[in-house]
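Engineer: Sharing a model prediction with you, sequence too.
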Amino acid sequence: MRLAKSTFFVLLASAGCVEPRVAPTTATVPSSERTLVVVPATPVAPAPAVAPTPLASSGAGAPMHVSWVVDRFDGHRASLRARVERVPSLALPLMLTVTVPPGAALVVGSRSVSLPPPSPNGPTEFTYELTYASTPSEDLLVAVDGESEAMGVHGRASFRFGRAEPETPVALPTGPSLILNGRNFGPSVPVTQ
């Protein structure tokens, strides 16, 4: 093998995924004396499948997710369920608290509930019914809180009684373009005090 006279090596990053590349030579070697060495990529075992957690469907990265599920809603009555999803390993004692807005009356459900231990059968739900003469100007809020000496978790969800979500202010890039080291990063967002 004439490996000592050749400086050409082809390395593959992974089998069949990358085109071979030839290292540049420092000396002129006739093509008849060049030797090509191909190094195959090490096979990689596929990642093991992981069973989804109860929160995987919601896309939440938190150990707990709190939401309202609307069963019935009209101009004077609302039937809802407060849903609490948590990972099975979250055995922390949790307290659910419902804050009813002025102008609404809680007909079914408790304002404060201690949650049972996590269930492998899915989320925990509590039923609530409210009546109101006109649409309340504030939200119905459910809060779930839990603490230990080592950590704490908090979850919140609002029901707006059909009112539109408040608009989030959007920063408009109307300032001069930002150019650094010859690269144009586009218009800037002016800061006002």
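Structural biologist: Perfect, thanks for sending it. It should be emphasised that the depicted structure is a prediction, and the values quoted were computed from it without experimental measurement.
Engineer: what's the closest non-adjacent residue to Phe161?
Structural biologist: Leaving aside its chain neighbours, Phe161 sits nearest to Thr135 (5.0 Å; criterion: Cβ to Cβ, 6 or more residues apart in numbering). The C-beta positions use only the backbone N, C-alpha and C, and glycine is treated the same way.
Engineer: Name the SS class of that neighbour, please.
Structural biologist: Under DSSP: H, G, I helix; E, B strand; the rest coil, Thr135 falls in the coil class.
Engineer: ok, how many other residues are close to it?
Structural biologist: 14 (other Cβ atoms under 10 Å).
Engineer: if I look at it, how far off is Pro63?
Structural biologist: 34 Å (Cβ to Cβ, to the nearest Å).
Engineer: Show me the strands in the chain, by range?
Structural biologist: Secondary structure of the chain (DSSP state E): strands at 10-11, 38-39, 64-73, 77-86, 95-99, 104-108, 112-114, 124-132, 140-147, 152-159, 177-180, 183-187.
Engineer: Verify the stated contact: Ser134 with Ala104.
Structural biologist: No - judged on Cβ atoms under 8 Å, Ser134 makes no contact with Ala104 at a distance of 9.8 Å.
Engineer: And these two? Which one has more around it.
Structural biologist: Ala104 (19 against 10).
Engineer: doesn't Thr131 make contact with the more buried one?
Structural biologist: Yes - counting by Cβ under 8 Å, Ala104 does reach Thr131; the two are 7.1 Å apart.
Engineer: Any figure for the gap between Tyr128 and Val100?
Structural biologist: Relative to Val100, and taking Cβ to Cβ, Tyr128 is found at 9 Å.
Engineer: residues shared between the contacts of the two?
Structural biologist: Counting by Cβ atoms under 8 Å, 6 or more residues apart in numbering, the contacts common to Tyr128 and Val100 are Leu106.
Engineer: still on that earlier bit, who touches the residue nearest to Phe161 in this structure?
Structural biologist: 75, 161-163.
Engineer: mind redoing it with 10 Å?
Structural biologist: 75-76, 101, 103-104, 160-163 (Cβ atoms under 10 Å, 6 or more residues apart in numbering).
Engineer: That concludes my questions; thank you for your assistance.
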